[in-house]
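In: Here is a sequence together with a model predicted from it:
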Amino acid sequence: MREQLNPRSRVVSASRRLLARTLLLALCVLSLNAVVATRIAQAATTATSTPLVDGGFESGVPQTAWTENQSSGGELIDTQYPHSGTWAADLCYIDNCSDSLVQGFVSPGQVTSAQLTYFYTVATSEPDNNASCKDWLSVGLGVGTTPDAGASKRYCTPTGYTSDTIDVTSFLNTHGGQTVDAQLEGFTNGLYPSQFFVDDVSLTITYKLTPSAPVVAPVTDCGAGQTTLTWTAPQFPLGTAWPVQSYLVTPYSVHGVAQPSTTVSGTTTSLPVSLVNGTVCYFTVTATNANGTGPVGSPAVPVAAVTPLATPSTTGFTLNWSLQPGSAAPNWYTVFIRDGSGPWLKWCDTYATTSTVFGTPGHTYEYYVEAFNTFGGIAPSGSGQATVTVPTSAAPAMKLHGLYGVDGFGGLHPADSPPVVATSGWAWPIARGIAADRSGTSGYVLDGWGGLHQFGTAPAVTSGGYWPGSDATRGVALRPDGVSGYVVDAFGGIWPFGGAPALPISAYWSGWDIARAIVLEPSGLGGYVLDGWGGLHQFGNAPAPATTAPWKGWDIARGVALNATGTGGYVLDGWGGVHPFGTAPAVVTPVYWKGWDIARGIVLTPSGDGGYVLDGFGGFQPFGSVTNPAITPNYAGTDTMRGVSGA
């Protein structure tokens, strides 16, 4: 038997454990036939049930109705302080406690009224009478281990036995036919103890005897010509007094427009359906019995519908979407795009229902939005939900034709650009550079071993230098033909590929990993290697640079970019500083991370007086004549980016 705390006590607990354990709630699914006391007249259209068993805890211990999850070390049902009868729930009596009692039941279909009533009392030793609610008692309904905010209440301050009621009608209506839990939870932090008693818990539900919503299996291949739609029979009302007489199946187009419905017998739970060449992919089902028609049943997974697109006037335009009627609520959306008949490419994950997307003039794009919840989502296959062709006359919405960053794992991150097909991708961060051709949307990703991996429409090429198992390379640059160029190794060696000629070099640091980047002049017959101290070293026919190493002895240089004439450019330091050389003018850099080596690459617009700095987290920061950051749908959020290129 546990000693009850005096509500006015200020005794400081000897236990000061600092970590409260996570509440552990078990799911207790009880057969409705065994636990629901239901009063039903044969001609009635509503019923009343009291699904909770032993709400007064008078069956004592051990318990079969309530599932105990305890950390306090004692029984959670005892005779210490009942409101009525002999027994009551007794949650926590020590500091650093997490106790709960849970009882599961199946929610009826169409609830018209539901009231959860109970008595509770709180005793605490918190110095402020627990006004800060560091310890608390929670009473209510939830699903699994999660109390619902609209169907539960929390209590903190001391009181004798007090009665309270929660209207849980709305909560149960959204969970018709599902198992939900009555939950009593006590929690104390690691400073002072509190104790909570709950007794005489009851739940009274009035519900219609029309069928609850069938659960519809989602269509998993929207591109199939036809499929068999299946659904589960309604869970309410149980028994044979009010059987389902018919089902109404309604298809919806991928844009959310209802199509003609089909009525089938109440004894069937499947129907062959046409997907109309991929333009129909979502179905709802309602059930009818002698008392009327129940709520709409839909797939447990959410389904989104993309709004049709008008022909855009620019290469950047807005994609909008919404949930299909009756669809389950989503946790997030994933937007997919494909160029022509190419593969589906992920554009972004988002909580929003709109996104700015980009396209190349003359290309036709399909869009698909997948909505996700805890049950998953429906992946795109077959036709998309919206299609648009970007006119060749579309005005450019970007400063560059294409702009892409590469993360250490070889993933491409478009910025103000459409996604492109890539052949790179590794389980470890081995990517070391990226180079785009003059279209800006094709090129190569360089790995640390010297391998070159094409993206966009670039053809496969063989690297001039390859060092399996060795992290040997530091950068790649393309010549004007877009298929040949040079790789620089960690020591400053220049390795041609794709038919590029071998070129003389002016610097080589054998055994010293100090080369950081490579850039070519417009002719592709020469260029510069950047060392970690900021020095530029010409190769081929490039003239000697008008700069020397500004950070001698400090490995802080991270990137270099030449203007269109090859007469000047900028060196990027790791803090985001942009330093001109040659004919390039000084520029304003609004983003600067003093003391933080986070800048990873630099790219110029055709004008040469502005561009973007790529930070390690995936942000494309503007400088000079460019004033707005680029739109980046897949922001990395961690220091994983390794290079940037565009044209």
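Out: Nice, I can see it. Numbers count the residues shown, from 1 in each chain.

In: ends of stretch 394-404, how far apart?
Out: 21 Å (Cα to Cα, to the nearest Å).

In: before we move on, could you check phi and psi at the nearest residue to residue 625 once chain neighbours are set aside?
Out: Nearest in space to residue 625, with sequence neighbours left out and distances taken as Cβ to Cβ, 6 or more residues apart in numbering, is residue 610 at 3.3 Å. C-beta coordinates here come from the backbone N, C-alpha and C atoms, glycine included. The phi and psi torsions at residue 610 (degrees, to the nearest 10) take the values phi -170, psi 170.

In: And the one 3 residues further on, by the same measure?
Out: The main-chain torsion angles of residue 613 are listed as degrees, to the nearest 10 and equal phi -110, psi 130.

In: Give the burial count for it, as a bare number.
Out: When neighbours are counted by other Cβ atoms under 10 Å, residue 613 registers 28.

In: What of the one 10 residues further on?
Out: The number of residues packed near residue 623 is 24, by other Cβ under 10 Å.

In: Isn't it up against residue 585?
Out: No: contact between residue 623 and residue 585 fails when scored by Cβ atoms under 8 Å: they sit 11.6 Å apart.

In: How about stretch 522-542, which residues are buried there?
Out: 524-540, 542 (16 or more other Cβ atoms under 10 Å).

In: now do stretch 254-268
Out: Applying 16+ other Cβ under 10 Å to stretch 254-268 flags 254, 256, 266 as buried.

In: on that earlier part again, quick one: the residue nearest to residue 625 and residue 621 touch, right?
Out: No: using Cβ under 8 Å, residue 610 is not in contact with residue 621; the gap is 11.4 Å.

In: Excluding sequence neighbours, find me the nearest residue to residue 287.
Out: Closest to residue 287 by Cβ to Cβ, 6+ apart is residue 211, at 3.7 Å.

In: in which helix or strand would I find that neighbour?
Out: For residue 211, there is no helix or strand it lies in under DSSP states H and E.

In: Report the separation between it and residue 108.
Out: Here the criterion is Cβ to Cβ, to the nearest Å. By it, residue 211 lies 11 Å from residue 108.

In: Same question for residue 413.
Out: In terms of Cβ to Cβ, residue 413 sits 49 Å off from residue 108.

In: For residue 171, what is the enclosing helix or strand?
Out: helix 169-173.

In: What average pLDDT does that helix get?
Out: Helix 169-173 shows an average pLDDT of 91 in the prediction.

In: For the nearest residue to residue 125 once chain neighbours are set aside, what are phi and psi?
Out: Sequence neighbours aside, residue 192 is the residue nearest to residue 125 in space, at 4.3 Å (criterion: Cβ to Cβ, 6+ apart). Torsion angles at residue 192 (phi, psi; degrees, to the nearest 10) stand at phi -130, psi 150.

In: And the one 3 residues further on, by the same measure?
Out: The phi/psi pair for residue 195 (degrees, to the nearest 10) reads phi -140, psi 140.

In: Assumed residue 100 was part of a strand.
Out: Yes: counting by DSSP: H, G, I helix; E, B strand; the rest coil, residue 100 falls inside a strand.

In: okay, now it: neighbour count?
Out: So residue 100, with other Cβ under 10 Å, has 26 neighbours.

In: Understood, closing this out.
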